[in-house]
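S.K.: show me the folded form of this:
(chains A and B)
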Amino acid sequence: MNNPASASGVHVNVEELSHRYTPKLPLTFEEVSFQAVPGEALTIIGRSGCGKSTLLQVIAGLMPGSIGRVSINDEHVIEPSSRWVMMFQAPHLFPWMNVRQNVGVGLRFANWPKDRIRDRVDEALELVHLEEFAGKNTQDLSGGQQQRVALARSLVMEPEMLLLDEPFSALDAFTRASLQRDVRQIAKQLGINLILVTHDIDEAILMADRALVMAGAPGRIVHDYKVDLPDPRERSDPKVQEMRAKLMKVFRDAAGAPHDGEDEGDETSEEDETMMNDSTKLEFSGREYSPA
Amino acid sequence: MAEKSQSQVWIRKFGLKLFNWVAGLLILFLLWLLGGYLIYLNPDTTHFSDFGPIPTFQAFPLLWEDGTIPNAIKSSGYRLGIGLLIAICCGIPIGILLGRSRTFRELSNSPFQLLRMISPLSWEPIAVIVFVTWNQAIIFLIAVASVWPVAFATAAGLAKVDPAWFKVARNLGASSWHRLTQIIIPAITFDMLTGIRAALGVAWIVLVPAEFLGVTSGLGYSIADARETLSYDHLTAMVLTIGIIGYILDSSCALAIKRFSWHRGDEA
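M.R.: Numbers count the residues shown, from 1 in each chain, chains lettered A, B, ... in the order given. As a prediction, this is how the structure comes out:
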């Protein structure tokens, strides 16, 4: 698993995808189309309620799309698969299992022999820096450590794609920054795809190669933005800050919000606040935040 | 140093717990002793003085040596064990169905609530007619009394299961069998064992009156026999035996709950 050449990403093709929960309800999102190449890290950003989490679940095969089609390597996605694993906002670890058992649970479902599970779990725990926590009760771990266990549980399946639904939103700023960096690094190391749903612009810039901006109700993809930055990406890097400002402008354009110097002046709107994480807020404390 | 003080705190805590446990039993014994003495002092009740603790403890070795207590425990234990096993085997699947299927839950709610409210011993005349032996009838009564706590506790446990666990399991390739054995059962073990503990209490209460009639063995029969032969010391010795065994069974269940529970801060 540590050998990057041993893993590979996938070609993702989403075609004219629309979804509604029940026939009586309005569409959650509509006519969503995009492609991702193997190893690409893609982020879907948008305000709450635009349907980005639902879109991710449809891509993962956890629920069917109402119209349209998702294919991974030309294979029509109709159900979940251990080849593309989803990580949720909360780690949802199984509290009756210790760390090692939690990480190896997917392999047990696949009826792997015990010694092979052990070896693979050790590798995964090493990858997320939790080797010494293998025998611990998951309830004794911090939120960040629990999310790392969830990451190891996903990686142990050697997936071709990781789907992340705001997996770090409940964590403190420092833990989140470290996990953002590690997940991207691991994904690049293994050559696997990432599709990350977030409403945090910083997270999108630090983790993705491309950002799809969703807006409206029902949600649509209104911008496909290339995040062309070298690794490693640091929050304090002027290029990162410049990219953040550009993406924020794109985002505000998409949402139809006024720009600097327009009606609202330089004031940061309440909704813009939600687009920045804690660390950004810390960075901008003491002066007005100007996205452009 | 810190380690030493921690162990000292633990010893003190354990010592206090042990002291309270012994003191509680001692108070009960003293009340019993006082009651026995008052019965002895009253000329109208003096012939019941064998209910007191001293004659009871004198009767214990005799009843043990002549095999009365071991045989009674064996017979009652067999009935209790089989009845409880039937209740668990029926109660857990019923509970899982109640927790997982809304149709089954809605369909079965009224009949189950109605059946649950029927006193288990009121089934006795019907059980005697339906079953060939008294033994079978008693096992049926125990099963019918203890199936409900198991079923409802299992269903309540399932209601508390985080639906996201199923989503995660499905995402990691779990089959229906895996979801049952690796997610549902471990997730609800605490509630199932709590239900079994409650069922054991009900079964133990039903067992003794059920053995008053028909059978010629068991703890209930031994009590009825002692009453008829006016052996009050034997009667109280059997009552005490029932209490001690019930306490041991309940404590074992409590220990099992503590051992298998993954909930933090559960005190069984």
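S.K.: who does residue A:221 form a beta bridge with?
M.R.: residue A:214 (DSSP bridges).
S.K.: surely it meets residue A:214?
M.R.: Yes - using C-beta atoms under 8 Å, residue A:221 makes contact with residue A:214 at a distance of 5.7 Å. For every residue, glycine as well, the C-beta is placed using N, CA and C.
S.K.: okay, and the common contacts of these two?
M.R.: By C-beta atoms under 8 Å, 6 or more residues apart in numbering or on different chains, residue A:221 and residue A:214 have these common neighbours: A:32, A:44.
S.K.: what segments of the stretch 101-250 of chain B are helices?
M.R.: For the stretch 101-250 of chain B, helices defined by DSSP state H, counting those that start in this stretch occupy the ranges B:102-116, B:124-130, B:134-159, B:163-171, B:176-178, B:185-210, B:219-228, B:232-260.
S.K.: now those as TSV including distance to residue B:69, mean pLDDT and mean neighbour count?
M.R.: Below are those laid out as TSV (distance: least, C-beta to C-beta, whole Å; pLDDT from 0 to 100; neighbours: other C-beta atoms under 10 Å in any protein chain shown):
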stretch	distance to residue B:69	mean pLDDT	mean neighbour count
helix B:102-116	34	91	12
helix B:124-130	25	89	14
helix B:134-159	19	93	23
helix B:163-171	48	89	19
helix B:176-178	45	90	12
helix B:185-210	14	91	22
helix B:219-228	8	87	20
helix B:232-260	6	90	17
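S.K.: in CSV: those helices, plus distance to residue A:88.
M.R.: Converted to CSV, those look like this (distance: least, C-beta to C-beta, whole Å):
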stretch, distance to residue A:88
helix B:102-116, 25
helix B:124-130, 51
helix B:134-159, 21
helix B:163-171, 6
helix B:176-178, 19
helix B:185-210, 17
helix B:219-228, 54
helix B:232-260, 27
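S.K.: what does the stretch 151-292 of chain A put close to chain B?
M.R.: A:153, A:157 (C-beta under 8 Å from any C-beta of the partner chain).
S.K.: what are the ranges of the helices in the stretch 151-292 of chain A?
M.R.: Under DSSP H, counting those that start in this stretch, the stretch 151-292 of chain A gives helices at A:173-190, A:201-207, A:238-255, A:270-274, A:278-284.
S.K.: mean neighbour count, those: which tops it?
M.R.: helix A:201-207 (a mean of 27; mean count of other C-beta atoms under 10 Å in any protein chain shown).
S.K.: by contact count, what packs against that helix?
M.R.: strand A:41-45, helix A:173-190, strand A:193-198, helix A:238-255, helix A:278-284 (3 or more C-beta pairs under 8 Å, 6 or more residues apart in numbering or on different chains; DSSP states H and E).
S.K.: any chance of those in a markdown table, plus mean pLDDT and distance to residue B:190?
M.R.: Shown next, in a markdown table, are these (pLDDT from 0 to 100; distance: least, C-beta to C-beta, whole Å):
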| stretch | mean pLDDT | distance to residue B:190 |
| --- | --- | --- |
| strand A:41-45 | 92 | 39 |
| helix A:173-190 | 85 | 30 |
| strand A:193-198 | 92 | 34 |
| helix A:238-255 | 83 | 46 |
| helix A:278-284 | 39 | 36 |
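S.K.: which among the ones you listed is found nearest to residue B:10?
M.R.: Closest to residue B:10 of those, according to C-beta to C-beta: helix A:173-190, at 33.7 Å.
S.K.: run the chain-centre distance for the closest one.
M.R.: Its chain's average C-alpha position is 11 Å from that of helix A:173-190, according to C-alpha atoms, centre = their mean, to the nearest Å.
S.K.: ok, stretch B:82-100 next?
M.R.: On the basis of C-alpha atoms, centre = their mean, stretch B:82-100 sits 16 Å off its chain's mean C-alpha point.
S.K.: averaged pLDDT, that stretch. What do you get?
M.R.: Mean pLDDT, stretch B:82-100: 93.
S.K.: which residues touch the residue nearest the centre of chain A?
M.R.: Central residue of chain A (C-alpha atoms, centre = their mean): residue A:196, 2.2 Å from the mean position. Residue A:196 is in contact with A:41-44, A:164, A:203-204, A:207-208, counting by C-beta under 8 Å, 6+ apart.
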